[in-house]
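Enquirer: Dropping a prediction and its sequence here:
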Amino acid sequence: MILGALKLWQRYTCLSVAMCVPRQNVHLSCAKMIKEIHESQEGNVRIFQGVNILSPREPYLVKTDDSRGCCTICSLGLDVKHTDVLILSQFLRSDGCMLPRRVTGLCRNQQKRMSKMVAMAQKAGLMPNIAPPKSKMDPKRRYKWKKYNTYFDESTIKDVRSITSGKKGASTQM
Amino acid sequence: MTAYKRVQQWNTFARVWHLYDATWQNPFESAQRIMKYLKGLHKPIYHPLNDCGDHVVVINSGEIALLGDEWRKRVYFHHTGYPGGATWTLAWELHDKDPTMIMKKAVYNVMDGNLQRRYTMQRLHIYPDDDVPEKIKQNITNQIRQLRPVPKRLDRYAPEEVQRFPKVMDWPKNYILR
């Protein structure tokens, strides 16, 4: 596995061992419910219904007790690479679109990093199963240079802070 | 010369056949490493006048990976010698025509342009996939370590493995899953 993912796994196992409590889906407070839209056909009537379900991610969620209020990626200190598809795919909708920041809960900097790395992973064809139907996410079905293996350098992703400070510098010069 | 010394002499100067899997490897970084084995630079007995280079069998050269937009930015130049005989071929076009050519040119270009270069190149065997002739396969005794890890695609993981992987994000309350 890739280093970032390994570190995350270690962190997860450490936490679960430290608490020494088997994880159960028994909640004292209100459980976090999410909704799913079910579609069914009864004769001439097509029924759409929103069903409340328990989040399937709940038992596997990494606890981050960060006092500074950092986002999860920052507080875990993860060095995520574009090949860590098990982490990157968590921020995606089923059609491969990046979720917005109010859903992911990431800081501005990490949100940009993650969305850039999702684009890298998709260009490299590492997440072909999270895509709209009939898309050419499988690299072997692409044309010209796109069908060949490509990897990316994460250091080319610029910091959000450096961009905004650069803009500020430009405005002061004006 | 004792029998032991004689066998030691044979083993020292015997040519070793190395295998290199080029899947998801950068050919230009790999060429630096392959060249050392071809010239025998990894051996303590190395000397330029000492013919001690090894054979390297490169497999899966069709699966090499280039960085970023290099497939359409890297250009291979050829001139026939006639007026107007210059051609510029992009890396992906060259790879379409011959999937072993980029690897071959990469190794050729990292070596010094001396009289030995052509003979050293004869010890390099490149195959676009893992279909290697039996005659060459039976010589191989060593494998060269890959330079970068081969990324695993998400659909190659088992569904339970994806589901049980630690999650860094949970959907907010009342989020409509889609």
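Expert: Cool, got the structure. Because the structure is predicted, anything quoted here is derived from the model rather than measured.
Enquirer: so what's the residue nearest to the spatial centre of chain B up against?
Expert: Nearest residue to the geometric centre of chain B (CA atoms, centre = their mean): B:Ala22, 4.2 Å. With contact set as CB atoms under 8 Å, 6 or more residues apart in numbering or on different chains, B:Ala22 has these partners: B:30, B:58-61, B:63-64, B:103. For glycine as for every other residue, the C-beta is placed from the backbone atoms N, C-alpha and C.
Enquirer: In contact with A:Leu88, which residues are there?
Expert: Residues in contact with A:Leu88, defined by CB under 8 Å, 6+ apart, are A:80, A:82, A:114, A:117-118, A:121, A:127.
Enquirer: near chain B too, which of those?
Expert: A:Met127 (CB under 8 Å from any CB of the partner chain).
Enquirer: I'd like to know which of the contacts of A:Leu88 is nearest to chain B.
Expert: A:Met127 (4.7 Å; CB to the nearest CB).
Enquirer: unless I'm mixing things up, that closest one is touching A:Ala119, no?
Expert: No: A:Met127 is beyond contact range of A:Ala119, at 10.6 Å (criterion: CB atoms under 8 Å).
Enquirer: More neighbours: which of those two?
Expert: Neighbour totals were compared for A:Met127 and A:Ala119, and A:Met127 leads with 19 against 14 (other CB atoms under 10 Å in any protein chain shown).
Enquirer: and the more buried one, backbone torsions?
Expert: phi -130, psi 60 (degrees, to the nearest 10).
Enquirer: ok, back up a step: of the contacts of B:Ala22, grab the buried ones for ChimeraX.
Expert: Selection command for ChimeraX covering only the buried members of the contacts of B:Ala22, criterion 16 or more other CB atoms under 10 Å in any protein chain shown:
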select /B:30,58,59,60,61,63,64,103
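Enquirer: Also within reach of chain A: list those from the contacts of B:Ala22.
Expert: Within these, those near chain A by CB under 8 Å from any CB are B:63-64.
Enquirer: What about the contacts of B:Ala22, which are in strands?
Expert: B:58-59 (DSSP state E).
Enquirer: and the least confident helix or strand in chain B by mean pLDDT, what other elements does it pack with?
Expert: Of all helical and strand segments in chain B, the minimum by mean pLDDT, DSSP states H and E falls on strand B:176-177, at a mean of 82. The contact analysis (3 or more CB pairs under 8 Å, 6 or more residues apart in numbering or on different chains; DSSP states H and E) places strand B:176-177 against strand A:33-42.
Enquirer: my guess is A:Arg57 meets B:Val168, correct?
Expert: No: the pair A:Arg57 / B:Val168 is not scored as a contact, 9.5 Å apart, by CB under 8 Å.
Enquirer: So for these two, which residues contact both of them?
Expert: Joint contacts of A:Arg57 and B:Val168 (CB under 8 Å, 6+ apart) are A:Gln90.
Enquirer: ok, which stretches of chain A are strands?
Expert: A:33-42, A:45-54, A:149-151.
Enquirer: who wins for proximity to chain B among those strands?
Expert: From these, taking CB to the nearest CB, the stretch that ends up closest is strand A:149-151, at 3.7 Å.
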